[in-house]
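> Kindly generate the corresponding structure for this input.
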Amino acid sequence: MRNKLFTLLGTLGMVTSCIAAGAVGAPAEAMTVALRGTPHDALFDLAFDGRIGVAVGAHGSVYRSDDGGTRWRRSPELRSDVALLGVAVRGGRCIAVGQQGTVLTSPDCIQWTVAAPVTAARLTSVAMNRRGLAYAVGAFGTLLKSDDAGRHWQVVPIDWSRIGALPAEPHLYAVHVDDDDGVVVAGEFELILRSTDGGAQWKLLHRGERSLFGLRLLEGGRGYAVGQSGALLSTLDGGATWRSLPTGMQSILTGIDADANGRVVLSGVNVVALSSDGGASWRQLPSRAAIRGWQQSVARAVDAQGRPRFLTAGAGGTILQINDEEVAK
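Alright, predicted model coming up:
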């Protein structure tokens, strides 16, 4: 599939338009609505660092929470003519990316600035480590790098002809930056690549047939990637090797996150599912808002009392919180 947010955004937009306002606001058996927009709104990414969270979406929308996702406040739009598709939050600093090579940066996740563009490509995902090293990825193999938390960027060229004999420059949909400055990217052709030298050289870790849309690597070596046709990959060694896990789903899966206790949450078109055993088995959560729409992103947060929680963001500009009793099952 050549497009996640190229054909997928169009598909999701139509799904969003078909969701009645009453459907999004209906009682959620397993999930509580933390933020509700209009049927034509859309949120495409959600990120947390402890209690500080940011969600981004259509028309340049940016929302911020400082209590683990219970309450949200909308920031003034700086680029209402573009959709923001990815966001990173780390150490109180934030970066958002989107269409037309748009990059927004903030030193406090409150006041935002538009960074000077270095590409016109659609940027789909961004990640940043604790020292401010950031990477953004996007259409046709676009890869950008910043050493100053997103204020300045440079294009990182990749010779795709030397990586796995690919038939085309792959769209990249997800990125992770380690605190030791290593970077992992995932995308079309089920690609997972890693560089440990600033992007000069890349090692092919995995390749397949489907597109991968979501990626999460945790401390301790565990990690997950999700994608087309219910795809789920797992690693136990920090991404060096990957294996496929069955999900029993055929949905497009776009978001995933996990905690240190083996709980994993994934999201996608008409589904939010939870695993309590590291992804070995899954149960779909009975949430009308999730089942009738799509939830693009999953993020793990900490509430004002220090308790962990999982939230999702997607159709109708909606942010959903998985109820504590569901996570505890």
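> For the rest of this, base every contact and every neighbour count on C-alpha atoms.
Noted.
> ok, which stretches of the stretch 101-250 of the chain are strands?
Secondary structure of the stretch 101-250 of the chain (DSSP state E, counting those that start in this stretch): strands located at 103-106, 113-114, 123-128, 134-138, 143-146, 154-155, 172-177, 183-187, 192-195, 203-206, 212-217, 223-227, 232-235, 243-244.
> for the protein, which spans come out with low pLDDT?
For the chain, the stretches with pLDDT under 70 are 1-28.
> got the buried residues for stretch 88-96?
Within stretch 88-96, the residues that count as buried by 16 or more other Cα atoms under 10 Å are Ala88, Val89, Arg90, Gly91, Gly92, Arg93, Cys94, Ile95, Ala96.
> for those, which one is nearest Arg309?
Val89 (16.6 Å; Cα to Cα).
> contacting residues around that closest one?
Ala47, Phe48, Asp49, Ile52, Gly53, Val54, Ile95, Cys109, Met128 (Cα atoms under 8 Å, 6 or more residues apart in numbering).
> what lines up beside the strand or helix carrying it in the sheet?
In the assignment (DSSP states H and E), Val89 maps to strand 84-90. Here strand 84-90 has these sheet partners by DSSP bridges: strand 93-98 (antiparallel).
> quick one on the thing from earlier: quick one: which of the contacts of Val89 is most hemmed in?
Counting neighbours by other Cα atoms under 10 Å, the top entry in the contacts of Val89 is Met128, with 31 neighbours.
> separation between that one and Gly57?
According to Cα to Cα, to the nearest Å, Met128 and Gly57 sit 19 Å apart.
> Now do the helices in the stretch 151-300 of the chain.
Counting by DSSP state H, counting those that start in this stretch, one finds helices in the stretch 151-300 of the chain at the ranges 288-291.
> ok so, going back, if we take the contacts of Val89, which one ends up nearest to Leu253?
Among the contacts of Val89, Ala47 lies closest to Leu253 (Cα to Cα), at 17.1 Å.
> So that closest one: helix, strand or coil?
For Ala47, the assignment made with DSSP: H, G, I helix; E, B strand; the rest coil gives strand.
> Return the set of residues that bridge with it.
With DSSP bridges applied, Ala47 shows beta-bridge pairing to Val54.
> And Ile322, by the same measure?
Note on Ile322: beta-bridge partners by DSSP bridges are Met31.
> I figured it was touching Ala34, is that so?
No: assessed by Cα atoms under 8 Å, Ile322 is found out of contact with Ala34, at 9.9 Å.
> more neighbours, these two?
Legend: neighbour count by other Cα under 10 Å for Ile322 and Ala34, higher for Ile322 (23 against 17).
> List the residues that contact that one.
For Ile322, the contact set (Cα under 8 Å, 6+ apart) comprises Ala30, Met31, Thr32, Arg309, Phe310, Leu311.
> Give me the buried entries from these.
Ala30, Met31, Thr32, Arg309, Phe310, Leu311.
> Might one say that the fifth one is in contact with Arg300?
Yes: proximity of Phe310 to Arg300 meets the contact threshold set by Cα under 8 Å, at 4.6 Å.
> follow-up on the earlier one: pick out the most distant pair among the buried ones among the contacts of Ile322.
Among the buried ones among the contacts of Ile322, Ala30 and Arg309 lie farthest apart (Cα to Cα), at 12.9 Å.
> Switch the strands of the stretch 101-250 of the chain over to TSV; also include distance to Trp282.
Listed next are these as TSV, based on distance: least, Cα to Cα, whole Å:
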stretch	distance to Trp282
strand 103-106	36
strand 113-114	41
strand 123-128	26
strand 134-138	30
strand 143-146	33
strand 154-155	39
strand 172-177	23
strand 183-187	23
strand 192-195	24
strand 203-206	23
strand 212-217	17
strand 223-227	14
strand 232-235	11
strand 243-244	14
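> Which of the ones you listed sits closest to Leu43?
The closest of the strands of the stretch 101-250 of the chain to Leu43 is strand 123-128. By Cα to Cα, the value is 12.7 Å.
> Partner strands of that closest one and their direction?
When pairing is defined by DSSP bridges, strand 123-128 lines up against strand 134-138 (antiparallel).
> which residues make contact with the strand it pairs with from outside it?
Defining contact as Cα under 8 Å, 6+ apart, one finds that strand 134-138 is touched by 97, 121-128, 143-150, 171-177, 183, 185.
> Count the neighbours of the closest residue to Leu311 other than its chain neighbours for me.
Leaving aside its sequence neighbours, Leu311 sits nearest to Gln321 (Cα to Cα, 6 or more residues apart in numbering; 4.4 Å). Close neighbours of Gln321, defined as other Cα under 10 Å, add up to 23.
> shouldn't Gln321 be in contact with Arg36?
No: here Gln321 does not reach Arg36: they are 11.8 Å apart, not a contact under Cα under 8 Å.
> related to what we said a few turns ago, buried only: go through the contacts of strand 134-138 for me.
Burial by neighbour count, judged by 16+ other Cα under 10 Å, picks out 97, 121-128, 143-146, 149-150, 171-177, 183, 185 from these.
> among the strands of the stretch 101-250 of the chain, which is nearest Thr254?
Thr254 lies closest, by Cα to Cα, to one member of the strands of the stretch 101-250 of the chain: strand 212-217, at 5.0 Å.
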